[in-house]
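Participant: take this sequence and fold it.
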Amino acid sequence: MDQFTFRYDTVLSDVHILLPNARHLMTRLNHVGQPGGYCHLSEHTMATPLEDVGKQVWRGAFLLADFILSEADMFRGATVLELGAGMGFTSIVMATVAKTVYCTGVMMNIPDYSEFSRGEVKVKQLDWLQYSLCTDADVDFSWTEEEVADLYDNTHFIIAADVIYDEDLTDGLFRILYRLCRNFTHTCTVLLSLEKRMNFSLRHMDVCCEAYSYFRRCLSQLLELQEPRCSFRVEQLPTANLAQFFLYERVEQLELWKLTVSPRQSDQVQSEPDLTRPDPTRPDLT
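Facilitator: Numbering: from 1, shown residues only. The predicted structure follows:
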């Protein structure tokens with residue numbers, strides 16, 4: 001058996017490596033114009049360096065893709081933003097039904113899937129640690145002013161898969177969600193797909209999932225915000241009976257969360273709260 005060394009800068013999981021043959025990956029979807037078969041990505045690894053996380057398709061992306069295809073009418077003709085898109089798998093699945101998909105990230109590892117989509121996929125840079133979108137035309141994958149306006153005026157869905165594995169990134173995720181949604185004038189649905197990755201913690205001397213616990217605390221803090229511009233509702237979606245269009249192991253650690261963000265009618269102004277670190281004494285979401 002191969003020897004594996006797990007370090008602080010790796011993500012532990014049985015993951016699917018995206019093979020370079022993109023045509024083979026999506027042929028069954030494209031051939032009939034709708035989901036009708038399975039996609040199988042056959043290579044696996046047990047640990048992945050953080051810098052390579054975005055170069056793989058993880059199980060949470062397959063779960064989110066299954067939900068998109070199962071609830072296609074929900075997304076038909078919509079404008080959708082994907083955060084932390086990585087290889088762009090869920091964006092291209094979403095583009096089979098949505099009108100426009102903003103496929104975003106920092107390191108863009110996205111092959112050209114344009115021939116497989118019905119809607120328009122726009123690959124854009126979106127750094128969770130930056131307050132504003134980059135509109136510098138000299139920067140690759142920057143935004144035009146028209147695209148920024150379209151994002152804020154028409155985005156009704158935000159999706160993200162497999163982005164819960166590092167506390168700093170989780171901070172960035174909730175920060176960018178808050179900054180975007182508080183400026184929407186319409187209700188927006190956020191879908192977060194994740195896999196709880198269990199490992200042995202020397203701090204707790206037990207098997208646990210600290211990244212997931214931290215995510216739950218951030219959810220709890222978001223619900224407790226006294227935000228005059230918008231309100232947040234959170235629910236975990238059932239997945240046990242969700243149709244499976246892709247060949248992967250639907251492990252019990254996979255979860256799908258829905259956040260509904262609705263605007264409030266208020267003229268009050270409030271400074272932006274600190275979403276960097278939740279209070280660890282606050283209870284988890286039940």
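
Participant: how about the helices of the stretch 1-150 of the chain, start to end?
Facilitator: Assigned by DSSP state H, counting those that start in this stretch, the stretch 1-150 of the chain shows helices spanning 22-32, 59-70, 72-75, 89-94, 145-154.

Participant: those: lowest mean pLDDT?
Facilitator: Here the lowest mean pLDDT among the helices of the stretch 1-150 of the chain goes to helix 22-32, at a mean of 35.

Participant: follow-up on the earlier one: would a markdown table of the helices of the stretch 1-150 of the chain with mean neighbour count be doable?
Facilitator: Where you see a C-beta, it was placed from the backbone N, CA and C, and this is true even at glycine. What follows is the helices of the stretch 1-150 of the chain, written out as a markdown table (neighbours: other Cβ atoms under 10 Å):
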| stretch | mean neighbour count |
| --- | --- |
| helix 22-32 | 16 |
| helix 59-70 | 24 |
| helix 72-75 | 16 |
| helix 89-94 | 29 |
| helix 145-154 | 14 |
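
Participant: looking at these, which is closest to Arg182?
Facilitator: helix 145-154 (10.8 Å; Cβ to Cβ).

Participant: after the closest one, which helix or strand is next?
Facilitator: Next helix or strand after helix 145-154 toward the C-terminus (DSSP states H and E): strand 155-161.

Participant: residues contacting the following helix or strand past that next one, please?
Facilitator: Following strand 155-161 in sequence order, the next helix or strand is helix 167-181 (DSSP H and E). Residues outside helix 167-181 that contact it (Cβ atoms under 8 Å, 6 or more residues apart in numbering) are 81, 83-84, 126, 128-129, 131, 152, 155, 158, 160, 163-164, 188, 190, 210-211, 214-215, 218, 221-222, 225, 230, 259, 261, 272, 275-277.

Participant: angle of helix 167-181 against strand 155-161?
Facilitator: Put simply, helix 167-181 runs at 170 degrees to strand 155-161, going by axes from the mean of the first three to the mean of the last three Cα atoms, to 10 degrees.

Participant: helices and strands around the next helix or strand after helix 167-181, which ones?
Facilitator: Next helix or strand after helix 167-181 toward the C-terminus (DSSP H and E): strand 188-195. Applying 3 or more Cβ pairs under 8 Å, 6 or more residues apart in numbering; DSSP states H and E, one finds that strand 188-195 makes contact with helix 59-70, strand 155-161, helix 167-181, strand 254-263.

Participant: which stretch in those is the model least sure about?
Facilitator: Least confident of the helices and strands packed on strand 188-195, judged by mean pLDDT, is helix 167-181 with a mean of 92.

Participant: tell me which residues of that helix are tucked away?
Facilitator: 167, 169-178, 180-181 (16 or more other Cβ atoms under 10 Å).

Participant: okay if I get the residues you listed as a markdown table plus distance to Ser142?
Facilitator: Output for the buried residues of helix 167-181, formatted as a markdown table (distance: Cβ to Cβ, whole Å):
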| residue | distance to Ser142 |
| --- | --- |
| Glu167 | 29 |
| Leu169 | 22 |
| Thr170 | 26 |
| Asp171 | 24 |
| Gly172 | 19 |
| Leu173 | 21 |
| Phe174 | 24 |
| Arg175 | 21 |
| Ile176 | 17 |
| Leu177 | 21 |
| Tyr178 | 23 |
| Leu180 | 17 |
| Cys181 | 22 |
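
Participant: which one of those residues is nearest to Gly119?
Facilitator: For the buried residues of helix 167-181, the nearest to Gly119 is Leu180 (20.2 Å; Cβ to Cβ).

Participant: residue ranges with poor pLDDT in the stretch 101-250 of the chain?
Facilitator: 107-117, 198-208 (pLDDT under 70).

Participant: again, only this time at 50
Facilitator: By pLDDT under 50, the stretch 101-250 of the chain has no low-scoring segment.

Participant: for the stretch 1-150 of the chain, which segments count as strands?
Facilitator: Using DSSP state E, counting those that start in this stretch, the strands of the stretch 1-150 of the chain run over 10-16, 44-49, 79-82, 100-105, 120-125.

Participant: follow-up on the earlier one: which of the contacts of helix 167-181 are buried? Put it as a ChimeraX command.
Facilitator: Selection of buried members from these for ChimeraX, criterion 16+ other Cβ under 10 Å:
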select :81,83,84,126,128,155,158,160,163,164,188,190,211,214,215,218,221,222,230,259,261,275
